[in-house]
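A.B. asks: just to be clear, the model below is a prediction. Sequence and coordinates:
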Amino acid sequence: MTTEVIIKNKTGLVLAADSAVTVTGMYTQKVYNSANKLFTLSKIDPVGVLVYNAATINDVPIELIIKEFRQQKNSYENLMEYKDEFIKFVEKFIKEQTDKITTEHYFNGFLNFIIKLIDKEKNENQKEPGYSFDMDKFIKKHETGLSQACKECNFIEDFSNLSLQKIKKDIKEKQTYETLFQEFKEKTRCSQKVHEFSTLFYWYLKYSIYQSYTGIAVCGYGTKDYFPKVYLCNIYGVINGKILVNNNTSYETANAEIIPLAQRQMIDTFVKGVSDTLYTSLENFYLQNFDIFIDTIIPNLKENVNLDELKNRLKQSLYGNAERFKKLVYDLEEQPLLQTINHLSREEMAELAENLINIQVLKYKVSPNLETVGGPIDVAIISKHDGFVWRKRKLYFPKELNHQFFENYFK
């Protein structure tokens with residue numbers, strides 16, 4: 001995993017990242033503290049990029065793609081163009097350098113996934129009197145489960161080239177799906193047709209893709225930008241020749257900002273006095289128990305009480321209190337801190353950014369969980385006229401023995 005933070009004000013911005021990367025095997029997880037997650041995106045303009053979550057796109061290291069983009073030595077008037085051109089470059093590079101990934105590539109994995117679920121369900125229920133496996137019920141059950149999992153994560157409804165309608169059309173028309181399905185039918189004695197699995201496959205595909213996104217944060221200045229900007233987006237890969245991107249977030253104003261990425265609980269706690277994870281958990285807890293509360297008081301109400309109106313009023317009150325609490329947190333904790341950030345020097349922002357990463361590292365060090373955050377901390381400062389400057393940087397080679405690296409960097 002990763003913890004990263006961006007701090008900006010009108011004079012510039014600071015990027016900081018830890019070095020931990022988690023490698024997951026079939027039965028084990030191992031953490032290495034040597035990953036690079038902070039890079040320069042341009043050799044001309046002061047632009048940096050942070051990478052989080054997955055370190056590859058279609059099994060191509062994101063570091064390689066970033067450095068190939070940088071080698072073009074192009075310059076753009078504003079940072080938005082840098083972000084857009086980088087995404088176009090990712091799509092082009094992946095299509096040229098790797099085998100074409102299509103939805104058919106996922107279908108075989110989907111069928112193996114279904115076989116495992118069927119075996120699990122049969123093993124769990126075989127001792128139940130009168131139990132008989134029903135494939136139609138099985139499909140509906142897991143369609144509901146996977147779609148709900150996607151919706152809970154706020155995933156967008158459809159990508160332009162990866163919709164339910166297109167999946168259904170492809171499965172009906174392409175022989176590849178039917179060929180793969182025949183072996184599945186023999187193993188499971190399934191009487192259904194391949195197209196009856198279309199919706200379930202769509203939700204499986206969508207959920208699988210969303211679990212392995214590569215997050216990027218493009219930060220800095222284009223040639224005509226005078227205040228720093230930040231653009232975030234998630235890249236899910238190139239499928240059917242089209243890059244899948246969403247969750248675009250922009251920070252374009254000159255206001256001071258502290259922007260945590262990936263593992264952020266302790267940074268949120270420092271900034272707001274309460275982490276977003278804890279706040280969301282408490283909010284969900286109250287909402288889940290709301291109906292129980294209503295059912296408890298109903299027996300004591302008069303018969304002529306309008307229950308729907310009562311529920312709506314109570315819900316409005318609950319949501320109103322939640323919004324007031326958020327505003328209270330902002331007024332008492334976040335706003336005073338951001339007002340101070342407005343006046344910090346770039347050196348002081350760099351010190352703060354490094355310490356915020358250290359707080360998250362310390363949290364994992366003293367927790368029973370796997371230390372998925374840690375290692376050396378890389379820190380860079382970006383300003384309009386001084387450019388991209390490393391404040392702390394780990395190198396995999398001795399600096400004093402490799403003068404040619406630094407001499408060749410700008411050639």
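C.D. replies: Structure's in. What do you need? Numbering: from 1, shown residues only.

A.B. asks: which strands or helices does the helix or strand hosting residue 186 pack on?
C.D. replies: Per DSSP states H and E: residue 186 is located in helix 175-188. Applying 3 or more CB pairs under 8 Å, 6 or more residues apart in numbering; DSSP states H and E, we find helix 175-188 packed against helix 103-125. C-beta: built from backbone N, CA, C; applies to glycine.

A.B. asks: in the helix it packs on, what's buried?
C.D. replies: By neighbour count on 16 or more other CB atoms under 10 Å, the buried set for helix 103-125 is 103, 106-107, 110-111, 113-114, 118, 121.

A.B. asks: can you check stretch 195-203 too?
C.D. replies: 195, 197-203.

A.B. asks: can you check stretch 212-223 too?
C.D. replies: 213-222.

A.B. asks: ok so, going back, can you check what angle separates the helix holding residue 186 from helix 103-125?
C.D. replies: 20 degrees (axes from the mean of the first three to the mean of the last three CA atoms, to 10 degrees).

A.B. asks: would a markdown table of the buried residues of helix 103-125 with distance to residue 258 and pLDDT be doable?
C.D. replies: Shown next, in a markdown table, are the buried residues of helix 103-125 (distance: CB to CB, whole Å; pLDDT from 0 to 100):
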| residue | distance to residue 258 | pLDDT |
| --- | --- | --- |
| 103 | 40 | 86 |
| 106 | 38 | 89 |
| 107 | 43 | 91 |
| 110 | 41 | 93 |
| 111 | 46 | 93 |
| 113 | 40 | 91 |
| 114 | 44 | 92 |
| 118 | 48 | 90 |
| 121 | 47 | 87 |
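
A.B. asks: which residues in the chain form strands?
C.D. replies: Taking DSSP state E, the strands of the chain run over residues 3-9, 12-17, 21-24, 29-32, 38-40, 47-53, 56-57, 60-61, 214-220, 229-239, 242-251, 257-262, 378-383, 387-392.

A.B. asks: which one of those strands lies closest to residue 364?
C.D. replies: strand 3-9 (8.7 Å; CB to CB).

A.B. asks: got a list of contacts for the closest one?
C.D. replies: 13-18, 37-38, 50, 52, 217, 219, 228, 230, 251, 256-264, 267, 341-344, 349, 352-353, 356-357, 360-361, 373 (CB atoms under 8 Å, 6 or more residues apart in numbering).

A.B. asks: got the contact list for residue 234?
C.D. replies: Counted by CB under 8 Å, 6+ apart, residue 234 has contacts 53, 213-216, 245-247.

A.B. asks: got it, and residue 136?
C.D. replies: Residues near residue 136 by CB under 8 Å, 6+ apart: residue 192.

A.B. asks: for residue 384, give its distance to residue 78.
C.D. replies: Distance, residue 384 to residue 78, by CB to CB, to the nearest Å: 13 Å.

A.B. asks: repeat that for residue 191.
C.D. replies: Residue 191 is 58 Å from residue 78, where distance means CB to CB.

A.B. asks: show me which of these two is the more surrounded one.
C.D. replies: A side-by-side neighbour count of residue 191 and residue 78, using other CB atoms under 10 Å, places residue 78 first with 15 against 9.

A.B. asks: my read: the more buried one touches residue 227, true?
C.D. replies: No - using CB atoms under 8 Å, residue 78 makes no contact with residue 227, being 11.2 Å away.

A.B. asks: any idea how far residue 294 is from residue 195?
C.D. replies: 43 Å.

A.B. asks: just residue 87 next, same as before
C.D. replies: 34 Å.

A.B. asks: repeat that for residue 170.
C.D. replies: For residue 170, the distance to residue 195 - CB to CB - is 10 Å.

A.B. asks: again, but for residue 205
C.D. replies: From residue 205 over to residue 195 (counting by CB to CB), the distance is 15 Å.

A.B. asks: and what of residue 95?
C.D. replies: 29 Å.

A.B. asks: who's in contact with residue 51?
C.D. replies: So residue 51 contacts 37-39, 62-63, 66, 214-216 (CB under 8 Å, 6+ apart).
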